[in-house]
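Participant: Pasting the sequence and the predicted coordinates here, then a few questions.
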Amino acid sequence: MLKRLILFACLLVLLPTTALAHTGLESSTPSDKETVTKPLTEIVLEFNTPIENLSTFTLLDKKGQKVKVDHIAVEDKVLKGTFKKPLPNGEYMVNWKIVGEDGHIIERSFTFTVKAPEEKKLTPTETAEKTPASKDNKQEMKPNKPDSTNNDKNNFMMYLFIGASLVVLLIMTTLLLRRGK
Ligand SMILES: [Cu+2]
């Protein structure tokens, strides 16, 4: 009886932790704040769990205008957008919105810059005098949603669950030990 109760209490502690491990972005190509120096025709986002088919992303340029993504596909953990033509040079923001394994909707964004040599302008002279990537171009585009908001909320809920479960466990053990004496 005692063993069973303790086992039950342990499960109480463990269950919420697994249930609350939300799906998150594992990696992306381009990655956050990356400057891509080759023609870019796809954006790939990899998550830490499989994601639902409803998952998608939008791409914005520096002015905040939507850039058309020709095709977006979800496969297991990967969300991939492809373009028929390479993206013009400039700064971009990816706003992704996915439905994770546990059914939670998670929204975040990241930025990247495309600075590929443009085919027409690529004369031998110009290739020779490649301008080094200036650093002041990188800034400006701040994600409209700070990455931390959702995470903080989720983490708080997780700690709340764990905390509550620990209290329950503690009370149960104390009661059981007392009764045993
Ligand atoms: Cu979740």
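Facilitator: That came in fine, so what should we check first? Numbering: from 1, shown residues only.

Participant: Within range of the ion, give me the residues from the chain.
Facilitator: 22, 102, 104 (CB under 5 Å from the ion). Every residue, glycine included, has its C-beta placed from N, CA and C.

Participant: In contact with the last one: list those residues for me.
Facilitator: It stands for H104. The contact partners of H104, taken as CB atoms under 8 Å, 6 or more residues apart in numbering, are 22-23.

Participant: now do the first one
Facilitator: Under the criterion of CB under 8 Å, 6+ apart, the contact list for H22 reads 100, 102, 104, 106, 154.

Participant: what's around the first one, how many residues?
Facilitator: Here the neighbour count serves as a burial measure; for G100 (other CB atoms under 10 Å) it reads 19.

Participant: Next one: it relative to I51, how far apart?
Facilitator: 6 Å (CB to CB, to the nearest Å).

Participant: list residues touching both of the two?
Facilitator: By CB under 8 Å, 6+ apart, the residues touching both G100 and I51 are T23.

Participant: What segments of this protein are helices?
Facilitator: 2-19, 124-128, 148-180 (DSSP state H).

Participant: Lowest average pLDDT across those?
Facilitator: Mean pLDDT is lowest for helix 124-128 out of those, coming in at a mean of 51.

Participant: Share the number of residues neighbouring T41, please.
Facilitator: 13.

Participant: Nearest residue to it in space, please, no chain neighbours.
Facilitator: F83 (4.9 Å; CB to CB, 6 or more residues apart in numbering).

Participant: Quick one: residues contacting the one you found.
Facilitator: 40-42, 69-70.

Participant: If anything else comes up later, I'll come back, but that's it for now.
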